[in-house]
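In: when you get a sec, could you give me coordinates for this:
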Amino acid sequence: MNFKFWFILALSFIASLLIGWRVLLPVFLPETDGEGLVKVRVGEAQVLVEIADETDEIAQGLSGRASLPANQGMLFVLPSRSQPAYWMKEMNFDLDMIWIDNGRVVEIGENIPAPVGGEEPVTYQPQVAVTDVLEVNAGWARSNGVSVGDMVVLE
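Out: Next up, the predicted model:
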């Protein structure tokens, strides 16, 4: 009798954990589009982003890609608050870089050009320490009314 009681109690506990995990976990994770892209709100605008939070992902970034679909980008989640230097090595399209510190836009680098025909890539760095960097197609920040001070939220 004692074994049966503990067995049923253990099964109930495991079932509760599984159901709770399945129901509650999505509440705490950002919404994706089914392809690994996460919705991010910057001020009043929304953009779908890939998250780069591993060292190799951050180093690779968008380099080597032919293009970036409209209203998409890459959000770099930095390992620590810093003033990272980004360069446009092997970039094939121009970008806007939105520098973010603790959920607020602190600086915007607009229309950063991709290197042309063998040019040495230029390095870009924020004036202040940041926690995240959002890269989007050139012109996205202006066309979506993004400005310094806007909140940035993963939805």
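In: mind giving me the domain split of the protein?
Out: Domain assignment for the chain by automatic domain parsing gives 1-30, 32-154.
In: just those domains: most buried one?
Out: domain 32-154 (a mean of 16; mean count of other CB atoms under 10 Å). All C-beta spots, glycine's among them, are computed from the backbone N, C-alpha and C.
In: average pLDDT for it?
Out: Mean per-residue pLDDT for domain 32-154: 92.
In: using PDB, write out every CA atom in stretch 128-147.
Out: Presented in PDB, the C-alpha positions along stretch 128-147 are these (Å, rounded to 0.1, in the frame of the first residue of the first chain):
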ATOM      1  CA  VAL A 128      28.500  54.500 -24.700                       C
ATOM      2  CA  ALA A 129      28.400  51.000 -23.300                       C
ATOM      3  CA  VAL A 130      25.500  48.800 -24.500                       C
ATOM      4  CA  THR A 131      23.900  45.500 -23.700                       C
ATOM      5  CA  ASP A 132      22.500  44.700 -27.200                       C
ATOM      6  CA  VAL A 133      22.900  45.700 -30.800                       C
ATOM      7  CA  LEU A 134      20.100  45.400 -33.400                       C
ATOM      8  CA  GLU A 135      21.100  45.300 -37.100                       C
ATOM      9  CA  VAL A 136      18.400  45.900 -39.700                       C
ATOM     10  CA  ASN A 137      18.300  47.000 -43.300                       C
ATOM     11  CA  ALA A 138      19.500  50.500 -44.000                       C
ATOM     12  CA  GLY A 139      16.700  53.100 -43.700                       C
ATOM     13  CA  TRP A 140      14.600  50.900 -41.400                       C
ATOM     14  CA  ALA A 141      15.100  53.000 -38.300                       C
ATOM     15  CA  ARG A 142      14.100  56.300 -40.000                       C
ATOM     16  CA  SER A 143      11.200  54.800 -41.900                       C
ATOM     17  CA  ASN A 144       9.800  53.300 -38.700                       C
ATOM     18  CA  GLY A 145      10.300  56.400 -36.600                       C
ATOM     19  CA  VAL A 146      12.900  54.900 -34.200                       C
ATOM     20  CA  SER A 147      14.700  57.400 -32.000                       C
END
